[in-house]
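K.L.:
sequence and predicted structure below; questions after.
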Amino acid sequence: MLKDIARAANLTVIMVVHQPRVEIWRELDQVLFLAPGGQTVYEGSQSDAEAYFRDVIGLDFSVGNPADIILDGIAARRELCVSEWEKRPSG
């Protein structure tokens, strides 16, 4: 519903969501993931996030909530996530 209201009113909505349910995850356009300590490990489209984390740190999205899988992966592989993000060419 919030997405519909935002689009109808031509508004940008920024939310902080720590563990979004899968229904919420599917409705997000852009996401920002921070590692413990506040370092960015992903910023971009929600639709590209799964492929990024699958390719970069080997996450398996075959079962479960993608947001939970990503957050758990970041917590478990913090240093790898940070170093891989920092290797990317800046936009």
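P.N.:
On my side now, so go ahead.

K.L.:
low-confidence ranges in the protein?
P.N.:
91 (pLDDT under 70).

K.L.:
which parts of it are strands?
P.N.:
Counting by DSSP state E, the chain has strands at residues 30-34, 40-45.

K.L.:
so for residue 82, which of these sits nearest?
P.N.:
Residue 82 lies closest to strand 40-45 among those, at 5.9 Å (Cβ to Cβ). (Glycine included, C-beta is placed from N, CA and C.)

K.L.:
and the closest one, what does it pack against?
P.N.:
On a contact count with 3 or more Cβ pairs under 8 Å, 6 or more residues apart in numbering; DSSP states H and E, strand 40-45 meets strand 30-34, helix 46-57, helix 78-87.

K.L.:
who touches it?
P.N.:
The contact list for strand 40-45 (Cβ atoms under 8 Å, 6 or more residues apart in numbering) reads 29-35, 49, 52-53, 70, 74, 78, 81-82, 84-85.

K.L.:
returning to that earlier point: now render the strands of the chain as CSV, adding distance to residue 23 and mean neighbour count.
P.N.:
Formatted as CSV, the strands of the chain follow (distance: least, Cβ to Cβ, whole Å; neighbours: other Cβ atoms under 10 Å):
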stretch, distance to residue 23, mean neighbour count
strand 30-34, 15, 15
strand 40-45, 18, 16
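
K.L.:
could you dump those strands into a markdown table with distance to residue 7 added?
P.N.:
Formatted as a markdown table, the strands of the chain follow (distance: least, Cβ to Cβ, whole Å):
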| stretch | distance to residue 7 |
| --- | --- |
| strand 30-34 | 14 |
| strand 40-45 | 16 |
